[in-house]
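Trainee: Test case, fold it:
(chains A and B)
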2 protein chains.
Amino acid sequence: MDEDYIEVHSYSEVSTSHCAAKPVAVVTPKNTEEVSTIARICSEYKIPMIPFAGGSSVEGHFAAPYSGLSVDFSEMNQVVAFHEEDMDVVVQPGVNWVDLNNSIKDSGLWLPMDPSPTALIGGMVATNCSGTNAVRYGTMKDWVINLTVVLADGSIIQTRHRPRKTSAGYNLTGLFTGSEGTLGMITEITLKLAPIPEKQSVAVVTFPSVRDAVACASKIMRQGVPIAAVELMDEVQMGVINKNGGSGGRMWEEKPTLLFKFSGTTQSIAADIAKVEKISSQGSGSAFEFAKTEQDMHNLWSARKEAVWAMCAQRPEGTQIWSTDVAVPLSRMPEIIDLSKKESSALGLFSSVLGHVGDGNFHQAVMYDPSNPAQTQAVQDCVKKMVRRAIEMEGTVSGEHGIGLGKKECLVEELGPETIAVMRTLKRSLDPHCLMNPGKIFEP
Amino acid sequence: MDEDYIEVHSYSEVSTSHCAAKPVAVVTPKNTEEVSTIARICSEYKIPMIPFAGGSSVEGHFAAPYSGLSVDFSEMNQVVAFHEEDMDVVVQPGVNWVDLNNSIKDSGLWLPMDPSPTALIGGMVATNCSGTNAVRYGTMKDWVINLTVVLADGSIIQTRHRPRKTSAGYNLTGLFTGSEGTLGMITEITLKLAPIPEKQSVAVVTFPSVRDAVACASKIMRQGVPIAAVELMDEVQMGVINKNGGSGGRMWEEKPTLLFKFSGTTQSIAADIAKVEKISSQGSGSAFEFAKTEQDMHNLWSARKEAVWAMCAQRPEGTQIWSTDVAVPLSRMPEIIDLSKKESSALGLFSSVLGHVGDGNFHQAVMYDPSNPAQTQAVQDCVKKMVRRAIEMEGTVSGEHGIGLGKKECLVEELGPETIAVMRTLKRSLDPHCLMNPGKIFEP
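Mentor: Numbering: from 1, shown residues only, chains lettered A, B, ... in the order given. Okay, here's the model as predicted:
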């Protein structure tokens, strides 16, 4: 019940969404049975339960608008079983994905997701996260074989056994994945693993405009080149990297940039690079600059991955960052990114676009002073415009961050009240007293 | 209400599951609004609704144990919109997947699923089907972007817009996919499409035993060779192909056989083949025989795809086929296939194993005389043993056929009553009077 401890369990500086209410306490269960006990007690006394994993959500997933108990999974951080020959691993929700991959790398297997390095697997499942590798490997839902879940009343279910393929009954694994803790608390996860590619290569190409860069990425996807990743960083982002000392000391041109990752065998990578270079040069791309060493490649990719933290580190005293994402059908991407960048630049604030453009998914980040109401309103309006535009283009209001507190209204605009009503019906059937992370995704 | 028409809507010779009750009538709606009207009327008069697509289910999905109305989607067979640049297509449920792929092939795109050639997309979604390409491309759930669904009360929802990636709200698309018509009727589907691979190549290798063949397939998967497909056919199946005139006139050795499909570029295929040949020769595999021409490749693959029809064509008068599947973790596959084959061979009946061994998924088919109670019981016992063994190995009672009528008891054994209770709770929340395909997956 320590105040500081409660504070870090309900507030994050990278989150767009905050609320005044706080949890009354934080509990740190050690196993599924303890989680079940917590749920039974909370159910009896009608206390909201708010699952907490890495705390790196940007949409207020672990805020406690109705107060209640924060259930922190950091002490459930064991790898339960590693089935190397079956290419799967059973983990508790508090395992960090980078640690997991380090611990199993001698097997030649990995979990090919790539969200924030701080993310824990429980949160990654709950928000159906993804990251830079999604264009090749899909999103978290594609890597979950089964879940052990504690429901609101304390009952414990396992959604599946361990087959890599099944069509037996409702896909409960898929329903709990991405349900943001509103249907139950995930206490154990079996993950598929993939073979680590033989080789990887990273290349950097600059473009005259963000629109040219994105159009090139669309074309590469449409032609089916099996790239491992393609990330957009605008000139502002490249400047942030340089101001932070570059990547491993190397400085970059401050222009709209695509970072490509290629993976496979030496031969297949060479063929992929040749195709991408051809498409890129037709689309005003510069010559390819390749990361020359493993370390160089690692530094460059890390610079991309740490973009949001780098921005935070550079932000003026008293400002906050508003970082959010949408996704649209591939053909609409150049247009929405171009317009969104123009609009956010017109705010006169620090703003940037970056993203997983091979999936039609991108992020916008703006720094603003929350004590300035006009500025706050202007940023909100700008984000709303971007989200509305994504909806008009038949896209989604969240490509990989989830809904949380921050995008509930947007979700109604995207799907309509009938579809939200179906979600609410399902929620109420499993959690009639709305005790599981209430106030997230939709109004209770 | 024609009797013959009702008969073909409730009975199939390839199904393991039948029931005496029949639908009272068959309706053939032309659009979503007509389906909604049907649901409103059925809801008012408490009439069960049984969706019907291709009729090629083997687990009795379109049987009508509580009678009711068969809702036949064959007249909803239009491609609604093809978004080539977005790499997706919007279809009605009555579209045949082979026809779809033929109609869009000039775009260089395809739906990379490969179930029975008779399957319609509505049924493919409802059963979360897959087939030979699943090892590379996943199952149907991985290719559905959104669904339009008519619920039991006639209300119409769309689960999503058209982004290829999203984490916005519950994954209703994933919940309705594989729900076997028990939660609602699917009336429109947006499908992701993939680029057609530049080249394909098909090779055949024989092994001294089924166990050796499957062990080789497991090893190839574990080493991460990106094969397009690997199919097991036992010596009995190869005999069936030969008796049916071979593939395009070519006869094959009647030994346990792996069929490999490779796809990619000329270079990547050559590298993949070299790796597979090495693993195979270490595992007692024969020399590779390659399909020499496009036609040869097509014939060979068709022979595999039509195995079940070929068996039906050869079966003695009065006998029936019992064809069913399970899936297990990869490392357990050699053992379960070996044991299952020994047990089914011991019946003294025509029996065969074949399957998608790269996924840990295989099929067993036995021909028996249903008028002979001892024989029927022996086949049932043999299937039950296979299913129990799959469960003991942490596998699933259905890799790709669904549960239907035929495997309800097995599903309880696999998942336990608590997990089934969650499925039932979800079902009742959307369909309180149990009108949507009642009696499938679990007891109402």
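
Trainee: now the strands: where do they sit in the stretch 301-444 of chain A?
Mentor: Here the stretch 301-444 of chain A has its strands, by DSSP state E, counting those that start in this stretch, at A:320-327, A:351-356, A:361-368.

Trainee: okay, now A:Asp142: neighbour count?
Mentor: Counted by other CB atoms under 10 Å in any protein chain shown, the residues lying close to A:Asp142 total 18. No exception for glycine: its C-beta is placed from N, CA and C like everyone else's.

Trainee: So is stretch A:381-391 next to chain B?
Mentor: Yes: for stretch A:381-391, a contact with chain B is found by CB under 8 Å from any CB of the partner chain, at A:Ile391.

Trainee: Can I get that stretch in CSV, CA atoms only?
Mentor: The C-alpha trace of stretch A:381-391 is given here as CSV (Å, rounded to 0.1, in the frame of the first residue of the first chain):
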residue,chain,number,x,y,z
ASP,A,381,-7.8,17.5,-32.2
CYS,A,382,-4.8,16.6,-34.4
VAL,A,383,-4.8,13.0,-33.1
LYS,A,384,-8.6,12.8,-33.5
LYS,A,385,-8.2,13.9,-37.1
MET,A,386,-5.7,11.2,-37.8
VAL,A,387,-7.9,8.5,-36.2
ARG,A,388,-11.0,9.7,-38.1
ARG,A,389,-9.0,9.6,-41.3
ALA,A,390,-7.9,6.0,-40.6
ILE,A,391,-11.5,5.1,-40.0
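
Trainee: which residues sit against it?
Mentor: Residues from elsewhere that reach stretch A:381-391 (CB atoms under 8 Å, 6 or more residues apart in numbering or on different chains): A:322, A:324, A:326-328, A:336, A:339-340, A:343-344, A:347, A:364, A:366, A:396-397, A:407, A:410, A:413-414, B:161.

Trainee: go again using 7 Å as the cut-off
Mentor: Stretch A:381-391 is contacted from outside by A:322, A:324, A:326, A:328, A:336, A:339-340, A:343-344, A:347, A:364, A:366, A:396-397, A:410, A:413-414, using CB atoms under 7 Å, 6 or more residues apart in numbering or on different chains.

Trainee: Just the buried positions in that stretch, please.
Mentor: A:382-383, A:386-387, A:389-391 (16 or more other CB atoms under 10 Å in any protein chain shown).

Trainee: does stretch A:220-229 come close to chain B?
Mentor: Yes: using CB under 7 Å from any CB of the partner chain, stretch A:220-229 reaches chain B at A:222, A:224.

Trainee: Now do the end-to-end distance for that stretch.
Mentor: 11 Å (CA to CA, to the nearest Å).

Trainee: how far is it from where the chain is centred?
Mentor: How far stretch A:220-229 lies from its chain's middle: 21 Å, per CA atoms, centre = their mean, to the nearest Å.

Trainee: List the contacts of A:Leu258.
Mentor: With contact set as CB under 7 Å, 6+ apart, A:Leu258 has these partners: A:205, A:213, A:216-217, A:230-232.

Trainee: From the structure, what's the count of residues near the residue lying closest to A:Gln78 once chain neighbours are set aside?
Mentor: Nearest residue to A:Gln78, sequence neighbours excluded (CB to CB, 6 or more residues apart in numbering or on different chains): A:Gln92, at 5.1 Å. When neighbours are defined as other CB under 10 Å, A:Gln92 has 23 of them.

Trainee: quick one on the thing from earlier: next, format the strands of the stretch 301-444 of chain A as TSV and append mean neighbour count, mean pLDDT and distance to chain B.
Mentor: Converted to TSV, the strands of the stretch 301-444 of chain A look like this (neighbours: other CB atoms under 10 Å in any protein chain shown; pLDDT from 0 to 100; distance: least, CB to the nearest CB, whole Å):
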stretch	mean neighbour count	mean pLDDT	distance to chain B
strand A:320-327	25	90	4
strand A:351-356	25	91	8
strand A:361-368	24	92	5
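
Trainee: between these, which one is nearest to A:Lys192?
Mentor: With CB to CB as the criterion, A:Lys192 lies closest to strand A:351-356 of those, at 20.5 Å.

Trainee: Tell me which strands the closest one pairs with, and in which orientation.
Mentor: Here strand A:351-356 is paired, per DSSP bridges, with strand A:229-233 (antiparallel), strand A:361-368 (antiparallel).

Trainee: contact partners of that strand?
Mentor: By CB under 7 Å, 6+ apart, strand A:351-356 touches A:132, A:134-135, A:210, A:231-234, A:236-237, A:307, A:325, A:337, A:340-341, A:344-345, A:361-366.

Trainee: Contact residues of the stretch 101-250 of chain A facing chain B?
Mentor: With CB under 7 Å from any CB as the criterion, the stretch 101-250 of chain A comes near chain B at residues A:127-128, A:130, A:134, A:139, A:141-142, A:155, A:157-159, A:161-172, A:174-175, A:177-179, A:195, A:222, A:224.

Trainee: Strands - which of those land there?
Mentor: A:157-158, A:195 (DSSP state E).

Trainee: Tell me which stretches of the stretch 101-250 of chain A form helices.
Mentor: A:121-126, A:134-137, A:172-176, A:210-222, A:235-243 (DSSP state H, counting those that start in this stretch).

Trainee: quick one: the second one to chain centroid distance?
Mentor: It stands for helix A:134-137. For helix A:134-137, the distance to the chain centre is 13 Å (CA atoms, centre = their mean).
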